[in-house]
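A.B. asks: Return a 3D structure for these sequence lines:
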Amino acid sequence: MKHGMRIVVFVLAMSAGSPARIASAAPQNEPVSQLIAIARSPQFRCVAALLQKIVDDAASRGPQRLYIGPIEQDGAAAFVRVYWPQARVILLIDWPASCSGEDMRIDDAALGWYRTKARIELDTDVVATVDEVAGSTYLVDRPWVDAVIAACLNGHALVVTPSVGH
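C.D. replies: Numbers count the residues shown, from 1 in each chain. A predicted model of the protein is given here:
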């Protein structure tokens, strides 16, 4: 992976502080044209490659359906939320500024970020109300999760089949 992708991850981590901060902004309803543009974007190759690695890393069985929400900005960094129903998570994926062959190389450090920090576990990280979040750096409220899932389901669906012998 090129240093640029790592820098984006680091910048996103430093500017956001936590997935909960990134998560706090309500998803926006984007025009259909922008959602279609996601899959046609040159950067989509890198996001799709990263999602393939994440699915492989999780030792998933069978085709996995991922729902990619609209591209959102957080300062200079862009990201998408990805709803992965089979894993019961919402992933927070950096949207790269560019996508070259070098960017397609995803190392263990990047995977570690997505294993532990840039994800919301729907079975453990969700509380009923915003009051229950109470300053947590990882908890999110159910109404927010429902809105994110709805935005992702209305976004781009991607089926990822785990690689053989990953």
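A.B. asks: distance between the strand or helix carrying residue 148 and the chain's centre?
C.D. replies: Assigned by DSSP states H and E, residue 148 belongs to helix 142-153. Relative to its parent chain, helix 142-153 has a centroid offset of 13 Å by Cα atoms, centre = their mean, to the nearest Å.
A.B. asks: Point out the other helices and strands that it packs with.
C.D. replies: If you count contacts as 3 or more Cβ pairs under 8 Å, 6 or more residues apart in numbering; DSSP states H and E, helix 142-153 packs onto helix 19-24, strand 64-68, strand 77-84, strand 89-95, strand 126-127. To be clear about C-beta, it is placed using only N, CA and C from the backbone, and glycine gets the same treatment.
A.B. asks: relative to strand 89-95, how tilted is that helix?
C.D. replies: 60 degrees (axes from the mean of the first three to the mean of the last three Cα atoms, to 10 degrees).
A.B. asks: The nearest residue to residue 45 once chain neighbours are set aside - how many residues pack around it?
C.D. replies: Spatial nearest neighbour of residue 45, chain neighbours left out: residue 99 (5.1 Å); criterion: Cβ to Cβ, 6 or more residues apart in numbering. When neighbours are counted by other Cβ atoms under 10 Å, residue 99 registers 21.
A.B. asks: Tell me which helix or strand residue 99 sits in.
C.D. replies: Going by DSSP H and E, residue 99 is not in any helix or strand.
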